Structures are given as C-alpha cells and as structure tokens.
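# give me the fold of what follows.
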Amino acid sequence: MLFSKVLPLSVFASLAAAQGPHILATFSTHSGEIFDVKTHICINFQQWQPIYNTLQVTDPFECELYYGRGCNDEVDRFYPGDYEITHVYFKSVRCHLLDD
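All right, here's what the predicted structure looks like:
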C-alpha cells in the first residue's frame with residue numbers, strides 16, 4: 001500500500017525537476033566550459049570567469065552584451081542563433097524575449 005502512494009509522488013517530482021528553468025542563451029569556450037543564461041535580469045561577469053568564444057541564443061530570445069557592469073553601454077545585440085564572440089569585449093549580459 002505504501003509503495004502505491006510513494007511511486008506516483010516520485011513520478012511527479014521527477015517530471016517537475018526535468019522541466020527546470022528555460023535556457024535563454026549559452027556562452028561556451030573552446031575547451032568546453034559553458035555558462036547558461038537562465039534569467040531575464042542583468043548578469044555581471046566576474047574577472048575569474050573564462051573568455052567565452054561562442055554565444056548561442058535560444059529562440060525566441062535576444063541578448064545584449066554590455067561594455068559596463070550593470071548592463072551599461074551596449075556593445076552588441078544578438079538574435080537567435082550561434083555567434084563567434086571571442087573578440088567582443090563585454091562585462092555584462094541581458095537576455096529577454098524578442099518582443100520585450
């Protein structure tokens with residue numbers, strides 16, 4: 001009897017965990033390190049983070065890279081797709097829906 005009550009709860013818990021947050025964009029390095037953007041708020045990069053070589057923006061989002069921390073002084077805007085960003089200097093990023 002206990003098994004029949006626990007099993008359905010575990011199924012629902014695993015389904016909820018599998019959905020997780022949406023990935024708006026992914027930064028990656030040539031060595032395979034990745035950083036996923038999972039929020040619409042401004043993200044400041046730290047000096048200890050690697051230099052990212054590529055940016056993959058997920059549809060239907062767009063991302064702006066900023067020269068300054070706190071998403072000040074926009075450097076470039078990226079729409080859904082894959083981009084080479086090795087030579088783009090930026091300190092923060094903000095991603096959001098295309099219509100926002």
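# in space, what's closest to Pro21 - neighbours in sequence excluded?
Computed as C-beta to C-beta, 6 or more residues apart in numbering, the closest residue to Pro21 that is not its neighbour in sequence is Lys38, at 4.3 Å. All C-beta spots, glycine's among them, are computed from the backbone N, C-alpha and C.
# now do the same contact list for the one you found.
Taking C-beta atoms under 8 Å, 6 or more residues apart in numbering, we find Lys38 in contact with Pro21, His22, Ile23, Leu24.
# so for it, what pLDDT did the model give?
pLDDT for Lys38: 98.
# for it, give its distance to Thr58.
The gap separating Lys38 from Thr58 is 10 Å, by C-beta to C-beta, to the nearest Å.
# can you name the residues that contact the closest residue to Asp99 other than its chain neighbours?
Nearest residue to Asp99, sequence neighbours excluded (C-beta to C-beta, 6+ apart): Pro60, at 8.0 Å. Neighbouring residues of Pro60 by C-beta under 8 Å, 6+ apart: Pro80, Leu97, Leu98, Asp99.
# which of the residues you listed ranks first by neighbour count?
Most neighbours among these, by other C-beta atoms under 10 Å: Pro80, with 14 neighbours.
# a strand runs through Phe90, doesn't it?
No - according to DSSP: H, G, I helix; E, B strand; the rest coil, Phe90 belongs to no strand; its state is coil.
# what is the burial count for it?
Neighbourhood size, Phe90 [other C-beta under 10 Å]: 20.
# against His96, how distant is the residue sitting nearest the centre point of the chain?
Among the residues of the chain, the one closest to the centroid is Val37, at 1.6 Å (C-alpha atoms, centre = their mean). Noted for Val37: a distance of 10 Å to His96, by C-beta to C-beta.
# does Thr86 touch Ile51 like I think?
Yes - between Thr86 and Ile51 there is a contact at 7.1 Å, judged by C-beta atoms under 8 Å.
# correct me, but Cys71 touches Glu64?
Yes - between Cys71 and Glu64 there is a contact under C-beta under 8 Å: 7.3 Å.
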